[in-house]
Every structure is written in structure tokens, then in C-alpha cells.
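Student: Here is my input; please provide its structure:
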Amino acid sequence: MSRVLIVGAGLTGSLCACLLRRELQNKVHIVVWDKAKGSGGRMSTSRPPDSLSHSADLGAQYITATAAYAQSHHSVYSELMTAGVLQPLDGLVEGLRQRDGSTDYMTPLGMSSVVKHFLSESADLFFEHHVTGLYRRGASWEVQRKAGGSEMFDAVVLTMPVPQILQLQGDLGHMLSVEQRQQLDGVVYSSRFALALFFPPDVVFSFPWAARYVTNNRSICYIAADSRKRNADGPGRGPSLVVHTSVPFGVEHLEKDKEDVQPIILQELHKLLPDLPQPISIKCQKWRYSQVLTSVPNCPGHMTIHDRPLLVCGGDSFVHSNFDGCVESALSVLSVLKASL
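Tutor: Coordinates of the predicted model:
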């Protein structure tokens, strides 16, 4: 039985693991490692300390399916809709530019529920497993972790952001061709901060919208009444508010501690929403790699670094930065794994 390691428990890694298990059944042993304490990646859903009644999406906010992707990825959308993981987004989103034939979806249980749905049947999952090095050992890969120790695998799939791939120690660096190195070096990400504010259960927001795109503020570009957006308001559940900063603000403050940036965002937020009640908890997230602005050119959703033993990279960096880009990449990586294994 081949041992396959998928690095990254975000959408690309979780869907790839799930589909690989379904396609090859008992022929492969699939392991997923993620350096974080939970799954989701940029589709993470956060809770404040000591609270089960609050949650907020700090990364991706909703999913937009174009008419073309609704057809080509029909099986994925259909599965998530049937499971109740996705529902149509029916809340008011001010400033949302609709594309003809597109449909917007929200996740009642938070964006991480999409990833958890695919992980639930797919693999052995290990958190706080931070990969630092890859070393070829004959027909296998020795994969080293930051906490110490290593394990052997017959194939490795890397789905983390490209700069983190290029930082790995070991044999990966000299296996890259000149063209591949140039392609990977050319990937550009936006950076931003996200803030989640959690309020007492009796708080009711005075504004009518579920989300709003902000155009007249240099610091803040998006605000969402997250629980309202997900139709999660209810008795005993405290509402939550999510704030995303603009890309210029993210670039300007990227190297600062998020504890120093949080008061700046709050100050701007209160200019936009002066009647906002006092939150009982606040969480700040720095997204160094938020969205892919420039992806790897001329790639079909993946990049194969080495054939045997197989080492392949995937993720939205190899397609485009949204839900369907990750699905496209997962399907692309799956085809490589099936051919190799």
C-alpha cells in the first residue's frame, strides 16, 4: 500500500485527499499534515476563547459559482448542497457586483465546514505538523517536521502557499528546473488583516445588510455581519462582525504585530459604524498570503517537481484564487496521483 502525504488541510488538500480515497479505496494510505491547530486554511472559521455560541469566518466569506463552473464542478456543488454544507446566500450584500448566471453560496456552519466535510472520510489527519524539509531516499521521500522527527512516504503533495514551498530544506530546491523556479518566483499574493468582533447574545445590529463592500475607506474594504450572512442568528447565539482590510493597508502594516494593527482597524471601523456596541471578544488575523494576484503561468492546476518518487505541488497558486480554482487544482493533482500510483 502506497503512503501518500498531503501537506495542507485547506480546500485543495482536503478535496484531493477525499477524492483519492474514493478513487483508490484501499490501495493507498493517505495522511494529511497541517501546521495549524485546525483545518480550513484560508477557509477557516474561528471561535473566541471559552465560547461555543460564537463563530466567524476570518478568511473566505462566501462562494461564487459562475455558470460554467456550476456545470463543470456540478458534482462538488451538488454534494455540498445535499449535505447542507452550502446554501444560497440570500442576505443583502451592499456593493456586490453580480456576474450574469453566477450564484452565491454561504455556509451555515462556517467556511471550514466545507473542508471538514471532505476530511471526514478521507485521511489520517495531523495538526501542528509543520513540514521543514524533503529528502529523497531511494524510491521514497523523507519528510521532516519542525518539532523534530521524520516519516517516509511514497508520494508527497504540497498545497501550501508557494513562498512556503520554496523555503523547504532538502532536495526540492535543486530538483526545480530553471523554468519552474522562475514560474514559482513569479507568484504574487495580496496581504490583508481580518478582524472578528464577537458580541453578547442580546445585541442586534442596526444596519440592514449582511455584508457591505466599502469603497470610501483606505483601510477597510469589507464588513460582514457574519452570523446574519450565514443565517446563524438565534436565541443564545451572539452575533459576530468580520472586517477585512484593503490590500494597500495590508502591505503598509504587514511586518507589524497584529496586536499593534488591531487598534488602527477598530478606529476606522468606528468611523464607519459609530453606533457599534462594545464587543466581548476580538480576534485579529494576519493573512500574509491572502489571495493570489499572479498565479503560475502555463500550469494545468499543478506542477510536478519529481516523478518517482512523486512530488507534486497544487493549490490556487497554480490556477486562480477562489473556490473553483482550488477544486480545479485538486482534480488536476488527483489525475497525477492516479497515473503515478
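
Student: Now do the SS call for the spatially most central residue of the chain.
Tutor: Nearest residue to the geometric centre of the chain (CA atoms, centre = their mean): Arg42, 2.4 Å. Secondary structure, DSSP: H, G, I helix; E, B strand; the rest coil: Arg42 is helix.

Student: Tell me the buried residues in the longest helix seen in the chain?
Tutor: Longest among the helix segments of the chain by residue count, using DSSP state H, is helix 323-340. Using 16 or more other CB atoms under 10 Å as the test for burial, helix 323-340 gives 323-334, 336-337, 340. For every residue, glycine as well, the C-beta is placed using N, CA and C.

Student: Pro309 versus the residue lying farthest from the centre of the chain, what's the distance?
Tutor: Note on the chain: the largest C-alpha distance from the chain mean falls to Gly138, namely 33.3 Å (CA atoms, centre = their mean). Going from Gly138 to Pro309 by CB to CB, to the nearest Å gives 8 Å.

Student: Tell me who's in contact with Leu311.
Tutor: By CB atoms under 8 Å, 6 or more residues apart in numbering, the contact set of Leu311 is 134, 141, 155-156, 158, 172, 175, 304-305.

Student: Next step: these restricted to helices.
Tutor: If you go by DSSP H, the contacts of Leu311 have 172, 175 in helices.

Student: coming back round to it: need the residues touching each of Gly138 and Pro309.
Tutor: Contacts common to Gly138 and Pro309, judged by CB under 8 Å, 6+ apart, are absent.

Student: Domains in the chain, by residue range?
Tutor: Using automatic domain parsing, the domain parsing of the chain gives 2-54+110-187+295-340, 191-290.

Student: And the first one, how far out from the chain middle?
Tutor: Right, domain 2-54+110-187+295-340. For domain 2-54+110-187+295-340, the separation from the chain centroid amounts to 12 Å (computed by CA atoms, centre = their mean, to the nearest Å).

Student: That domain: end-to-end distance?
Tutor: Taking CA to CA, to the nearest Å, domain 2-54+110-187+295-340 runs 10 Å from one end to the other.

Student: do stretch 218-234 as well
Tutor: End-to-end span of stretch 218-234 (CA to CA): 34 Å.

Student: Can you give me the buried ones in it?
Tutor: Judged by neighbour count (16+ other CB under 10 Å), stretch 218-234 contains these buried residues: 219-230, 232-233.

Student: Buried residues, the helix or strand where Gln285 lies. List them.
Tutor: Using DSSP states H and E, Gln285 maps to strand 281-287. Residues of strand 281-287 classed as buried by neighbour count (16+ other CB under 10 Å): 281, 283-287.

Student: Spatially nearest residue to Asp104 (excluding sequence neighbours)?
Tutor: Nearest residue to Asp104, sequence neighbours excluded (CB to CB, 6 or more residues apart in numbering): Leu89, at 4.1 Å.

Student: give the contact list for the one you found.
Tutor: With the criterion set at CB under 8 Å, 6+ apart, Leu89 makes contact with 62, 104-106, 210, 229.

Student: And Pro88, by the same measure?
Tutor: Contacts of Pro88 by CB under 8 Å, 6+ apart are 103-106.

Student: What about those, which are in strands?
Tutor: Within the contacts of Pro88, residues falling in strands by DSSP state E are 103-106.

Student: Tell me the one among those nearest to Arg47.
Tutor: For the ones in strands among the contacts of Pro88, the minimum distance to Arg47 (CB to CB) is 17.9 Å, reached by Met106.

Student: was I right about that closest one contacting Ala60?
Tutor: No - contact between Met106 and Ala60 fails when scored by CB atoms under 8 Å: they sit 10.6 Å apart.

Student: And Ala232, how close does it get to Asp226?
Tutor: Using CB to CB, Ala232 is found at 8 Å from Asp226.

Student: okay, and the common contacts of the two?
Tutor: Joint contacts of Ala232 and Asp226 (CB under 8 Å, 6+ apart) are Ser55.
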